[in-house]
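Participant: need coordinates for the below:
(chains A and B)
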Amino acid sequence: MKFNLRLFSLAITTGCMLTAITQGCKKTTGELGTPATASFTVSPITSKPNTFLLNSNSTNAFRYQWNLGDGSVTRAGNATDTAYFPKKGTYLVKLYAYGRGGYTVDSQTVVVATDDFSSITNNPTFQLLTAKTWKLDPVPTARAVIVGTEGNPGEYYQGGPLADCQITDTYKFSFSSNIFTLAYNANGSTFNGGNVQPNYSCVADKSYSTPFTFSPTADGVGIATITLPGFMPPTRFIGTTDITSNNYRIISINATSMVLRAGKKNETVFQFKFIAQ
Amino acid sequence: MKLHLKIWLVILGMAFCGTGVMAQATTVTGTITNKTTGAPLEGATVSVVGTKIITTSNSAGAFTVQLPANRRKIKVTYIGMNDLELTSDGSSQLIVELAPRESTMDEVVVVGYGTQKKSNVTGSISTVKTKELVQSPVGDLSNALTGRVSGVITKQTTGEPGRDGAQIFIRGNATFGAGTMEPLFVVDGIVRQYRDFSQLDANEIESVNVLKDASSAAIFGVKGANGVILVTTKRGKAGKLSASYSFNYGVNKVTRLPDNLGSYEYGVLYNEAKLNDNPNATPEFTNDRLELFKNGTDRDRYPNTDWMDLVLGGSATRMQHNLSFNGGSEKVKYFTSLGYLDDKGLYSSLGYKRYNIRTNLDIQLTNSTKFSADISGRLENRDAPPTGTSTIFEHTMRNPPTQPAIFSNGLLAAPGVYPNPLAFINENNGYDRNSDNTILTNFQITQDIPWVKGLSVKGVLAFDRNFSYNKRWTKWVPLYVKNADGTFSANAPVLSSLSKSFGEGKSLELQGHINYDQRFGKHNVSALVLFLQKESSNSGLYAARNSFTSSALEILNFGPALNETLNDNEDKYGLRSAAARVNYDFAGKYLFQVSLRRDQSENFAPDKRTGYFPAISVGWVASKESFFQEITALDYLKFKGSTGQLGSDRIPSRFGYYNRYNLVSNNYPFGGTLVNGLAPGAIANPSLTWETATKTDIGVEARLWKGLLGIDFIYFKERREDILATKSLSVPFTFGGTLPSENLGIVDNKGFELTLNHDNRISRNLSYYVKSNLTFARNKIIEAAEAANVPDNRKITGRSNNGYYGYQAIGIFKDMNDYINSPKTSAFSNSTGPGDIKYADISGPNGKPDGVIDPYDITYLGGGPLPEVSYGITGGVIYKNFELNFLWQGATKVQQLLIQNAAWAFYNSGRVTAEWLNRWTPDNPDAALPRLSLQSDRNNNLISSYWVKDASFLRLKNVEFAYTVKPALLTKVGASSLRFYANGQNLLTFTDIKNVDPENNNASGWYYPQQVTFNFGVNVQF
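Facilitator: Numbers count the residues shown, from 1 in each chain, chains lettered A, B, ... in the order given. Got it, this is the predicted structure:
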């Protein structure tokens, strides 16, 4: 009994001291967990043109980011996602798979054989735009041309009656054989804007035909954007020759009328009111 | 080290002198022990019968006495023990075993302004003796009290040398707001400051008595409500000179360092957090970078910095020397002690040195006149970095591992946007030098009145003086960045700044005592009448200049006068009191004590200044009744009870009875120059008065089976009234003035103390003891002058003082389903989601749960950072010359709120601790911690029960292992006792709380941590 007690106390205390000393020295490093291993397959979706099924079979992942390789930014997505490429080409699609131990990246090459404009041709705005031939609204009080700023498009010029040669101008947007074409017909005479001498008068016919692009989005007010290749007034223009940009935003459109605004939101804007011919 | 050598030389010199003198005489040595427990008896008187030769035993119970040729008889006496006479048989080694008198209850206990036999004490007093105090290798005495006795709750919130004192709460917390719970410290009958107690050298102290109940503290009246700590210093004993030298050398380390994640883990979690905040974001740390952090090939560019380890990872030494002399004749007795403490910090710019001196002199002037002169002093020198502790540790706790601290070539790094704490603690950063010099005196003269037996008068004069000095010099430490081409460039220099301050204080206390102590048959009467007057004054001067263009001269004159600061302060305090106390007992069986104190405190208006504090206590020593005598197992049984009133006039702001005006510097333009002005402060409250504590104690003390079991149980109750509080929202905002504090608050504090003792001697050579104490104290705010519209769940009334309030966390949103179906925090509806903390919907604008988490759901989360239960278990085994003592100490029912870098990941772009590895992710829905985020003002950062941690802990507070060399071996070198020991403090800590010490008090973790101490020492006596 006596002996046990002594031994016991001694053992406890020695043990304690030793633990104290060793505990002070050790430093634990925790476990992060397993890093995700990124891996995925790409397969075309036959029912939709130029659309692919991205199917991650990554392990240990709980977060996924896809980069389509088409110049767009990496964005968050799901383990199973879709990619759509309107234009033909070769794309390097990347998957960032994130797990508790970090991330890895996998990539696959996707070859898109043909362009696909179905998203544009199916766009209701585009359909309204190409359905009719457009001309400036000839009614004198319609204020078919106004000039101003994004916030107040009539700030500089509130509009007035059109010149006779303007009334006869027509614009035809069309799409065939995968080509977007804008045909401008001056019907004999084009009205010079402030940038062509003699200015503000009806002179030579500047009729043209040009490709254009259509985007179903607009930077600033509007529902869609039409872009002519390059900024080349007075040879390429819509409405007047002295527009400030090759960007035209469709502000509103229906079967019979369209409001089109030339100029970016931080530039002087020219707003035109068209009616269907 | 030099000092150490010198002391040794002195000791060696004395040793040789000693042997020279003793050569002609028969020298007898021996040890005196308690026959029942085997414990050595210190201070037993050994006299040679028929001579005037007298000596006392040392702490190991050893003594040496010289016998004249014709004398052989020795008499040994000790308080509470039967006297013993024995004859030396010529062998020089005597074993003296004293049997305790029928109980140890005749031991004398120091009470306020007097002493009492322990058996007659009716109040609640706990005692810690010098032996226990010196067992703790600590610099600050307050830490030596921890866990030793019941009713004393300590909290050591930091381990910084020179500032590592514990907060002491006697029986918990009974006030709120700005009121203090600091007990009163009384050293040899004079009220002193906390540091006058805590910076004492333990070797100077005979005992520390803690007065806890109303009757024992009542004599301190308006100062006594928080309990009293009475220190009695050692006094000289008649006999030959006895010298004692002790040396301690210890090594300190941090009790617990947080487990911070390294750069690689940090980077991986950073990416996760960033993407949690914005799923479209790109990872901050690419895999290539992470790999470089992991493989460690270029630590200058890809560091893996453990900031805590760099600042706190080392060890520091603590060295103590004490040399004391004790002796004298019957007429003049002296005790002199010299102490030295060198407590180094964990970084070289930090350190504390203390020199203690004390001389206690007792002179018997005539047969009826005693005079004593106690002079003590201390010099304290503390060197610290000029940057404040909290700033150093803010960044030490915060900085992420991915930033460099120091480059491979030794240059200090500029860690991006983060300050470098290594620069703060670098000696080139400057210094903050403090020196405090204190001298305390205490002169007492006692005159017995010859014609009235038992009557004496005493006059006391205590005069203290202290001087403090501070100089703080801050200098630029160049920090470097490593350029792409491998060169280093330094950051822009910062101009130096300097501040200097001087302070001085003095106080004078005068006391007059009339004492009466007489026995009439079985009636014992003692009485005390006390008059006391105290005046103290302090004055200080502070001056500072910054933007020194040159750092060559660290003198104020060399700094530009622009933006200089100059401050002066002066204050004065006064107190006048009178008190009376009467003790009566009948045959030591029925005990009564009545006392009354009258105080005048200048903190209050003249007509509110005077207060009376009465107390009464009774006791019944039942074991002295004849009908108890038959129960042989029961040695002693006492029932006791006390009640009384005490005050606390230590209020945060004095002169509240005047309308006050605050000085506004340079704010009013007159004629183009700005001049000083006055702005009205709080309006006057002429009826301001002290806090009044009404305390009641009921207790029982019992000793059974000849000391095998001792029980001491006390139930206590306190109601503290007149606590200062301000009525909130009771006047319209158009009122304009600030309402004063009023004596409105009430707090109840109740609990019990239990002490169990067990002493046993198994054989002549082996004995052991176990003592345990437990204190439970729970307080409740009864009245706090809260506005009527405070919702019930946020009211402090009816709840524990200093409790935590916040949201009630009920887990983590496991998944989207859980998230959608649970109430959410309205303020963060855009940023919450699965993985965030889920809170309980407790209430709403209509007082009912409303499906939304908003401030209506803030509620009481628990009692806060002061433990309701604290306990200590001490024990020891003595086997022959070996001795092992230990102290386990713990606390429970205690919480700690941890926020910011102490708890959160990435707070303020800061570190991540290891527990965050178990964070929520979709594939770990049952995680302990929520999902990661780089933001820190979100749903998960609300103050909630999630961050209120259980701070219960159990500590191996102290272990001592000692070996005493046999006196027989020592006489040859002239020493009477030699004791070697190894001891340690805070050796083991068991707690659930992470990253900080369980006694930490800083929610952000900005503190210098508590220390583990491993100490070795030797004590030699001559």
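
Participant: could you measure from B:Pro401 over to B:Ile899?
Facilitator: 21 Å (Cβ to Cβ, to the nearest Å). Using the backbone N, CA and C atoms, a C-beta is placed for each residue, glycine as well.

Participant: which of the two has more residues huddled nearby?
Facilitator: B:Pro401 (22 against 17; other Cβ atoms under 10 Å in any protein chain shown).

Participant: and the residue of the stretch 1-150 of chain B found nearest chain A, how many neighbours?
Facilitator: Residue nearest to chain A within the stretch 1-150 of chain B (Cβ to the nearest Cβ): B:Gly38, separated by 12.9 Å. Residues lying near B:Gly38 (other Cβ under 10 Å) number 22.

Participant: so what's it scoring on pLDDT?
Facilitator: On pLDDT, B:Gly38 comes in at 76.

Participant: my read is it is in a strand, agree?
Facilitator: No. Using DSSP: H, G, I helix; E, B strand; the rest coil, the secondary structure at B:Gly38 is coil, not a strand.

Participant: could you give the bridge partners of the closest residue to it other than its chain neighbours?
Facilitator: Closest residue in space to B:Gly38, ignoring its immediate chain neighbours: B:Ser767 at 3.5 Å, by Cβ to Cβ, 6 or more residues apart in numbering or on different chains. Beta-bridge pairing of B:Ser767 under DSSP bridges involves B:Arg761, B:Ile878.

Participant: and the pLDDT at B:Ser767?
Facilitator: So, for B:Ser767, pLDDT stands at 88.

Participant: do you know how far it is from chain A?
Facilitator: 11 Å (Cβ to the nearest Cβ, to the nearest Å).

Participant: hmm, that residue is touching B:Ala39, no?
Facilitator: Yes. Here B:Ser767 reaches B:Ala39: they are 7.1 Å apart, a contact under Cβ atoms under 8 Å.

Participant: lowest-confidence helix or strand of chain A?
Facilitator: helix A:2-25 (a mean of 42; mean pLDDT, DSSP states H and E).

Participant: the stretch 501-650 of chain B: strands as residue ranges?
Facilitator: Along the stretch 501-650 of chain B, counting by DSSP state E, counting those that start in this stretch, strands occupy B:523-548, B:565-586, B:590-601, B:610-621, B:634-648.

Participant: also the stretch 1-150 of chain A?
Facilitator: A:40-44, A:51-56, A:63-67, A:75-77, A:80-84, A:89-99, A:102-112, A:133-136, A:145-148.

Participant: for the stretch 51-200 of chain A, which residue gets nearest to chain B?
Facilitator: A:Ala76 (3.4 Å).

Participant: where's that residue relative to A:Leu95, distance?
Facilitator: Separation of A:Ala76 from A:Leu95 (Cβ to Cβ) stands at 12 Å.

Participant: now do B:Gln1011
Facilitator: Counting by Cβ to Cβ - B:Gln1011 and A:Leu95 are separated by 52 Å.

Participant: residue contacts, whatever residue of chain B ends up closest to chain A?
Facilitator: Residue of chain B nearest chain A, by Cβ to the nearest Cβ: B:Pro279 (3.4 Å). Neighbouring residues of B:Pro279 by Cβ atoms under 8 Å, 6 or more residues apart in numbering or on different chains: A:Arg63, A:Gln65, A:Ala76.

Participant: repeat that for A:Lys48.
Facilitator: A:Tyr84.

Participant: residues of the stretch 101-250 of chain A that sit close to chain B?
Facilitator: Residues of the stretch 101-250 of chain A lying close to chain B (Cβ under 8 Å from any Cβ of the partner chain) are A:Gly101, A:Gly102, A:Tyr103, A:Thr104, A:Val105.

Participant: which residues does the third one form beta bridges with?
Facilitator: According to DSSP bridges, A:Tyr98 are recorded as the beta-bridge partners of A:Tyr103.

Participant: can you count the residues close to it?
Facilitator: By other Cβ under 10 Å, neighbour count at A:Tyr103 equals 27.

Participant: so it sits right up against A:Leu95, yeah?
Facilitator: No. With contact defined as Cβ under 8 Å, A:Tyr103 and A:Leu95 do not form a contacting pair (9.9 Å).

Participant: are there residues contacting both of those two? Which ones?
Facilitator: By Cβ under 8 Å, 6+ apart, the residues touching both A:Tyr103 and A:Leu95 are A:Ala38.

Participant: returning to that earlier point: who wins on neighbours among the residues of the stretch 101-250 of chain A next to chain B?
Facilitator: A:Tyr103 (27 neighbours).

Participant: OK, contacts around that residue?
Facilitator: A:Tyr103 neighbours (Cβ under 8 Å, 6+ apart): A:Pro35, A:Ala36, A:Ala38, A:Tyr96, A:Ala97, B:Asn271, B:Pro283, B:Asn287.

Participant: got a markdown table for these, with neighbour count, pLDDT and distance to B:Arg378 too?
Facilitator: Formatted as a markdown table, the contacts of A:Tyr103 follow (neighbours: other Cβ atoms under 10 Å in any protein chain shown; pLDDT from 0 to 100; distance: Cβ to Cβ, whole Å):
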| residue | neighbour count | pLDDT | distance to B:Arg378 |
| --- | --- | --- | --- |
| A:Pro35 | 20 | 87 | 60 |
| A:Ala36 | 26 | 90 | 64 |
| A:Ala38 | 24 | 91 | 68 |
| A:Tyr96 | 23 | 93 | 66 |
| A:Ala97 | 26 | 92 | 67 |
| B:Asn271 | 23 | 93 | 56 |
| B:Pro283 | 21 | 91 | 59 |
| B:Asn287 | 17 | 91 | 61 |
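
Participant: from those, which ones fall inside helices?
Facilitator: Counting by DSSP state H, the part of the contacts of A:Tyr103 found in helices is B:Asn271, B:Asn287.

Participant: any stretches of chain B with poor pLDDT?
Facilitator: Applying pLDDT under 70 to chain B picks out residues B:1-25, B:90-92, B:101-106, B:729-730.

Participant: no further questions, thank you.
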